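K.L.:
Here is my input; please provide its structure:
(one chain, ligands or ions: 2)
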Amino acid sequence: MCRPPYIHDPEVTIREYRPPDRKDIPAVTSKYIRPPIPPHLLARVVAIANGKGGVGKTTTSVNLAARLALYGKRVLLVDLDPQGNTQIDLGYENTDQGIGMVRAVMADIPLTLIKGVRPNLDVVPGGPELTKLADHLRSLRAGHDGIGPDPSPLVFARALATVTEGYDLVIIDCPPANTDVLIDAALATARYLLIPTHADKASREGLVEMSKRFVRMRLINPHMLLLGVLLYGTSSRATTIRDIARVWIEAVLGGQAPVFSAMIRHAGGASFETREVGKVVHEIPGYTDVAEEFRELSVEALRRLAELEKAGAAR
Ligand SMILES: Nc1ncnc2c1ncn2[C@@H]1O[C@H](COP(=O)(O)OP(=O)(O)O)[C@@H](O)[C@H]1O
Ligand SMILES: [Mg+2]
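P.N.:
Ligands and ions are numbered 1, 2, ... in the order given. As a prediction, this is how the structure comes out:
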């Protein structure tokens with residue numbers, strides 16, 4: 001028999017509330033139970049995460065989001081990084097800087113969306129204000145009574161679920177480990193995890209940490225699946241790189257490591273120029289090779305999503 005398809009524990013305990021801009025007044029403490037989040041609202045959320053910085057998380061997020069939007073998918077990109085780099089990469093105006101997410105989580109104010117960044121592509125903007133969300137999540141974590149897994153990162157899932165209706169895909173660009181509570185919030189929310197990593201063995205530690213976090217967050221988000229590991233910034237497309245990396249990735253992830261066939265090669269010129277002009281790689285001429293790699297990744301990611309959904313429906 002199928003379990004009820006609840007993605008999350010319905011019980012969320014809010015311990016502290018205060019409007020984000022009013023540090024001068026005392027916080028109100030309250031505790032109550034909320035209804036479960038309707039599972040379909042988070043069924044197509046993909047977190048792109050790796051605690052290591054500079055491994056291509058943001059570039060993958062924006063290119064995947066823009067490419068799938070180009071294919072006619074309705075895409076919501078969530079920038080959960082205080083660095084807010086998606087605004088540079090996609091070249092959109094961002095006066096919010098993440099305060100919308102802070103208010104949504106702390107005060108139930110509907111999330112701010114920047115609509116039509118590209119046809120079919122909307123964004124939940126990030127930026128330095130997200131450090132307030134990180135502080136809030138840290139204080140919720142500190143208040144956990146230690147009985148069972150800490151459900152506090154689910155407050156983000158609840159906020160995001162209010163705006164996901166109607167999107168075919170929601171992509172969360174995660175920050176590096178210095179704001180690890182935000183990574184936990186993304187992993188409490190996502191149905192799928194995509195991990196970009198460099199192919200060298202030195203990246204092993206980052207992957208070990210990510211796999212531990214994945215296992216830990218599945219305690220409160222048991223339906224989360226690994227969509228795949230993406231080899232990023234490789235020196236060539238040689239399949240030997242993928243094969244060698246696959247061996248150590250499988251060793252780290254205990255054999256459950258779907259490594260994407262698509263790889264993104266090192267392309268300093270493309271990454272520099274795209275960021276300079278606020279466009280993704282398929283939007284400027286001259287970088288057809290990198291654009292093709294992201295196209296392959298998009299097709300493969302969609303195929304794998306469909307396979308995992310089919311397998312899930314059959315269970
Ligand atoms: N394919 C690539 N080849 C070389 N450099 C890249 C490539 N993609 C991105 N970069 C550059 O690497 C740096 C980190 O990329 P980014 O996507 O921001 O990583 P993260 O989000 O993991 O920190 C940026 O300066 C970016 O311009
Ligand atoms: Mg980034």
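K.L.:
for the chain, what spans make up the strands?
P.N.:
Counting by DSSP state E, the chain has strands at residues 45-48, 75-79, 114-118, 121-124, 169-173, 192-197, 225-234, 259-265.
K.L.:
Please identify the deepest-packed of these.
P.N.:
strand 75-79 (a mean of 29; mean count of other Cβ atoms under 10 Å). All C-beta atoms are positioned from the backbone trio N, CA, C, and that covers glycine.
K.L.:
That one to strand 114-118, inter-axis angle?
P.N.:
110 degrees (axes from the mean of the first three to the mean of the last three Cα atoms, to 10 degrees).
K.L.:
measure whichever residue of the chain sits closest to ligand 2 to ligand 1 for me?
P.N.:
Relative to ligand 2, the nearest point of the chain is Thr58 (3.3 Å; Cβ to the ion). Applying Cβ to the nearest ligand atom, to the nearest Å, the value for Thr58 to ligand 1 is 3 Å.
K.L.:
list the contacts for the nearest residue to that residue once chain neighbours are set aside?
P.N.:
Ranked by Cβ to Cβ, 6 or more residues apart in numbering and with sequence neighbours excluded, the top spatial neighbour of Thr58 is Asn85, at 4.6 Å. Applying Cβ atoms under 8 Å, 6 or more residues apart in numbering to Asn85 gives the contacts 58, 79, 173.
K.L.:
Distance-wise, check the spatially closest residue to Thr86 that is not a sequence neighbour relative to ligand 1.
P.N.:
Excluding its sequence neighbours, the residue lying closest to Thr86 (Cβ to Cβ, 6+ apart) is Asp79, at 4.3 Å. Remark: distance between Asp79 and ligand 1 (Cβ to the nearest ligand atom) = 10 Å.
K.L.:
Any idea what Asp79 is bridged to?
P.N.:
Asp173 (DSSP bridges).
K.L.:
related to what we said a few turns ago, among the contacts of Asn85, which one sits closest to Ser203?
P.N.:
Checking the contacts of Asn85 against Ser203 with Cβ to Cβ, the nearest one is Thr58 at 16.8 Å.
K.L.:
The closest one touches Asp81, doesn't it?
P.N.:
Yes - using Cβ atoms under 8 Å, Thr58 is in contact with Asp81, at 7.1 Å.
K.L.:
Now the common contact residues for the two.
P.N.:
Common neighbours of Thr58 and Asp81 (Cβ under 8 Å, 6+ apart) are Asp173.
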